[in-house]
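1. What shape does this take:
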Amino acid sequence: MYDRLFTSSKIRNMEMKNRLIMAPCERNYAHVDGTPSVRYIDYLVERAKGGVALMIIEATYIDPVGKNHIAQLGFYDESQIESHKKLTDAVHAAGGKVAVELVHGGRQCSSDYTGFQPVGPSAVPCATLSHGDIPRPLTIAEIKELVQKYAKSAALSQAAGYDAVELHGCHGYLLYQFISPRANKRTDEYGGSLENRMRFPLEVVKAVRETLGGDYPLIYRHSGEEKMPDGSDLAETCIFCQELEKSGVDLIDISAGTYESVMWIVQPTSFPHGVMREVTREIKKHVSIPVATVGRINTPDFAEELLAVGDADYISLGRALHADPFFPLKAQTGRADEIQRCPACMACSDQLGTQLPISCSINPRAGRERELAVIPAAVKKNVLVIGGGPGGLTAAMVAAQRGHKVKLVEKENRAGGQILYATVPAHKNEFGIVAEDMESLAVKAGVQIIKGQNADSAYVLTENPDAVLVATGSNPVIPATICGLERIPHCVATDILSGKIVPAKGEHILLMGAGLVGCETAIYLSDNGYKVTVVEPGAAPVRGLGLREGWVLRACLEESPNINIKTSTTVDHIDEQGVTLQSRGVYTAQPFDRVVFAIGLKVNDRLYEELILSGYQGEIYPLGDAVLPRKVKDATYDAYQVAMKI
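-> Just a heads-up that it's a prediction; the model follows:
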């Protein structure tokens, strides 16, 4: 079915069993000295078993000065060979191939993590990653020394058993900083013209090629477009890629952006699928070596299409393999409908910036392959799951995979819980695939799903399961202290998002709460022609969100002309004059047609409490929002832990 996707090939002398590559993504799984942890190796072994042709591990620093995360891989000293060889041996034993990606962070480093002042082509700081540090311009002697450090790390990587070396000249790291006219303001032979700006990265390529020899694969990763004013563009990229080919590069791995245009590095769900296809299509016109494309590719059908029309020679998957390591194997064996598709929620990439190990909203086993290994149950039981949100569906699937007989009861006519509300704003429509895939995988695991059935304690006692998992979720908070609330129509945000309540055209709506739900509801209302005023007692909207998730939401808010956000503002009371707002001690009355609440969620643990008092003799486990309202990744992690206890 996927003839092109599963066509074998060679990159120089390296056999590739298919056209799928695991993109290099940092994970915060390494030891602080840069060596791979058991956790990191487990993660790679799982994906090797999943059938990807080549895994490129994360940006691996060649010099401690060039480190930009605490738990980042590094490879710059002979003492590290043994630990990296454990990694390559484990991957090879699992049937996989693995390449190292060598990097120096340059101006995108911070002394907070390295203890050194960052260096770069010029004294131009990175606006997002340097934490205020000004980079020190490299001297020509230091540039020459760095060329040799790249070559040394390449030699160490070859000795450790890596199957290929990739040079990270992408995403605003040091090699790209010399290419970028924004970051490179030098006036010597390493700055100014494109020829001069290419000089350092090409010197690195040539030195690494000479070190590796003529038979060893060399890959170069490059940002096809900088996506910043006065940055490097596609025309420069095409010229540079021709020089890469002349210098001995075997594969050009294309991405986009820098950490000043970070949305192009890890694209949100609002970006189109295959966002880099036009760029790689153009590059292929200028080179004869293969080109890999990346960006929002989460199905084998779309990957096959990109190959079929000639937009790329290889498909690079990052988050898609984080969400489902067996994507390749499932596609090749006729089980594409079992792939858990990445919705581009960006939870993983947002965790990266916290310096904590990254996880996955829909695949809690990512990075926890050993901890959450699904082990068959010693005693098979009848299990009843109440609630078909992300937590309930995941727990039901895992319990069934362990051999239990599982029934899931959902009171609504659709499974998905809070996920269904998240799909309503236009920029997140694709989130619907999360509920679809979770339900489908639960059914394939053997779960019986009953929808439109309210399950109270009497229902549970009648069913009399051996274990009941209470995944009843959470309910919106409605304030009880607003004087005069009865004077105005009011509802909660989920009433709007579900379509239960449709405001009359022309209504001016007051929305209380500028968190995730409040802002997304405001965007949805604005997109449908309503004027919305959002009041938030805090100092800023969308607080508490991940960095990238917050950027996306703020961008949507800024593009919505019908939304007015008032921070440090609360509702004091409602009377015949309208709604009186209080902001920093100043009171103003304004007319509104409706109040919508998005001020938080509270645990829905009524069923759990009823069961505790009912005399039910079986096992009872609350999970997900029924324990504490949190994010999808927390609910699914809970689900695995609970399902493994039964």
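2. alpha carbons only for contacts and neighbour counts from here, please
-> Will do.
3. what residues are up against the nearest residue to Gln351 once chain neighbours are set aside?
-> Excluding its sequence neighbours, the residue lying closest to Gln351 (Cα to Cα, 6 or more residues apart in numbering) is Ile358, at 5.4 Å. Contact analysis of Ile358 by Cα atoms under 8 Å, 6 or more residues apart in numbering lists 27-29, 348-349, 351-352, 367.
4. In JSON lines: those residues, plus pLDDT, secondary structure and distance to Ala154.
-> As requested, the contacts of Ile358 are exported to JSON lines (pLDDT from 0 to 100; DSSP: H, G, I helix; E, B strand; the rest coil; distance: Cα to Cα, whole Å):
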{"residue": "Arg27", "pLDDT": "96", "secondary structure": "coil", "distance to Ala154": "21"}
{"residue": "Asn28", "pLDDT": "96", "secondary structure": "coil", "distance to Ala154": "22"}
{"residue": "Tyr29", "pLDDT": "98", "secondary structure": "coil", "distance to Ala154": "22"}
{"residue": "Cys348", "pLDDT": "94", "secondary structure": "helix", "distance to Ala154": "28"}
{"residue": "Ser349", "pLDDT": "90", "secondary structure": "helix", "distance to Ala154": "27"}
{"residue": "Gln351", "pLDDT": "90", "secondary structure": "helix", "distance to Ala154": "29"}
{"residue": "Leu352", "pLDDT": "87", "secondary structure": "helix", "distance to Ala154": "26"}
{"residue": "Gly367", "pLDDT": "97", "secondary structure": "coil", "distance to Ala154": "26"}
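5. Tabulate the residues you listed (JSON lines), appending neighbour count and distance to Asp572.
-> Conversion of these to JSON lines gives the following (neighbours: other Cα atoms under 10 Å; distance: Cα to Cα, whole Å):
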{"residue": "Arg27", "neighbour count": "25", "distance to Asp572": "46"}
{"residue": "Asn28", "neighbour count": "24", "distance to Asp572": "46"}
{"residue": "Tyr29", "neighbour count": "24", "distance to Asp572": "48"}
{"residue": "Cys348", "neighbour count": "24", "distance to Asp572": "39"}
{"residue": "Ser349", "neighbour count": "24", "distance to Asp572": "39"}
{"residue": "Gln351", "neighbour count": "19", "distance to Asp572": "37"}
{"residue": "Leu352", "neighbour count": "20", "distance to Asp572": "40"}
{"residue": "Gly367", "neighbour count": "24", "distance to Asp572": "47"}
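6. Could you let me know which of those residues ends up closest to Ala422?
-> Cys348 (17.8 Å; Cα to Cα).
7. The closest one is in contact with Ser359, isn't it?
-> Yes. Under the criterion of Cα atoms under 8 Å, Cys348 makes contact with Ser359 at 5.6 Å.
8. tell me, how many neighbours does Asn475 end up with?
-> 18 (other Cα atoms under 10 Å).
9. Quick check: the gap between Lys531 and Gln577.
-> 19 Å (Cα to Cα, to the nearest Å).
10. So these two - more neighbours on which side?
-> Ranked by neighbour count (other Cα under 10 Å), Lys531 and Gln577 place Lys531 first, with 21 against 10.
11. and the more buried one, what does it touch?
-> 506-509, 525, 562-563.
12. Now the buried members of these.
-> By neighbour count, with 16 or more other Cα atoms under 10 Å, those hold 508-509, 525, 562-563 as buried.
13. Relative to Glu486, which of these is nearest.
-> Ile509 (15.6 Å).
14. Ala94 - how many residues pack around it?
-> Neighbour number of Ala94 under other Cα under 10 Å is 17.
15. typo on my end, it should be Gln590
-> Count around Gln590 with other Cα under 10 Å applied: 11.
16. Same check on Glu278?
-> 12.
17. Likewise for Asp133?
-> 22.
18. Does it touch Val124 like I think?
-> No. Between Asp133 and Val124 there is no contact under Cα under 8 Å: 9.6 Å.
19. The helix ranked longest in the chain: what's the following helix or strand?
-> Counting residues, the longest helix found in the chain (DSSP state H) is helix 140-159. Once the chain leaves helix 140-159, the next helix or strand it forms, by DSSP states H and E, is strand 164-169.
20. Please settle this for me: is Asp230 part of a strand?
-> No. Counting by DSSP: H, G, I helix; E, B strand; the rest coil, one finds Asp230 to be coil, located in no strand.
21. Neighbours of it, how many?
-> For Asp230, using other Cα under 10 Å, the count is 11.
22. okay, now the nearest residue to it once chain neighbours are set aside: neighbour count?
-> Nearest non-adjacent residue to Asp230, counting by Cα to Cα, 6+ apart: Arg182, 6.3 Å away. Arg182 is flanked by 16 other residues according to other Cα under 10 Å.
23. Next up, the contacts around Arg182.
-> 230-232.
24. repeat for Gly274
-> 293-297, 306.
25. ok, 6 Å please
-> Taking Cα atoms under 6 Å, 6 or more residues apart in numbering, we find Gly274 in contact with 295-297.
26. cool, and Leu384?
-> With Cα under 6 Å, 6+ apart, Leu384 has these contacts: 406-408, 468.
27. and it, what helix or strand is that in?
-> Using DSSP H and E, the element containing Leu384 is strand 382-386.
28. Centre of the chain to that strand, how far?
-> 31 Å (Cα atoms, centre = their mean, to the nearest Å).
29. mean confidence for stretch 436-449?
-> Stretch 436-449 shows a mean pLDDT of 98.
30. Buried residues, it. List them.
-> Buried residues in stretch 436-449 (16+ other Cα under 10 Å): 437-443, 445-449.
31. quick one: contacts of stretch 614-621?
-> 466-470.
32. Straight-line length of it, end to end?
-> End-to-end distance (Cα to Cα), stretch 614-621: 15 Å.
33. Pull out the buried positions in that stretch.
-> Applying 16+ other Cα under 10 Å to stretch 614-621 flags 616, 620-621 as buried.
34. before we move on, what about stretch 328-343?
-> In stretch 328-343, counting by 16+ other Cα under 10 Å, buried: 328-332, 336, 338-343.
35. How much space separates the residue lying closest to Arg12 once chain neighbours are set aside from Leu251?
-> With Cα to Cα, 6+ apart as the criterion, Arg12 has its nearest non-adjacent residue at 5.5 Å, and that residue is Pro217. Going from Pro217 to Leu251 by Cα to Cα gives 8 Å.
36. Give me the nearest residue to Gly550, chain neighbours excluded.
-> Among residues not flanking Gly550 along the chain, Val542 sits closest, at 6.3 Å (Cα to Cα, 6+ apart).
37. any idea whether that neighbour is helix, strand or coil?
-> Val542 ends up coil, using three-state DSSP.
38. wait, isn't it in contact with Gly515?
-> Yes. Counting by Cα atoms under 6 Å, Val542 does reach Gly515; the two are 4.6 Å apart.
39. from the buried residues of stretch 328-343, which two are the most distant?
-> Gln332 and Pro343 (21.6 Å).
40. Buried ones in stretch 133-148, by neighbour count?
-> 133-138, 143, 146-148.
41. now those in JSON lines, with distance to Leu420?
-> Listed next are these as JSON lines, based on distance: Cα to Cα, whole Å:
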{"residue": "Asp133", "distance to Leu420": "43"}
{"residue": "Ile134", "distance to Leu420": "45"}
{"residue": "Pro135", "distance to Leu420": "46"}
{"residue": "Arg136", "distance to Leu420": "50"}
{"residue": "Pro137", "distance to Leu420": "51"}
{"residue": "Leu138", "distance to Leu420": "52"}
{"residue": "Ile143", "distance to Leu420": "53"}
{"residue": "Leu146", "distance to Leu420": "51"}
{"residue": "Val147", "distance to Leu420": "52"}
{"residue": "Gln148", "distance to Leu420": "53"}
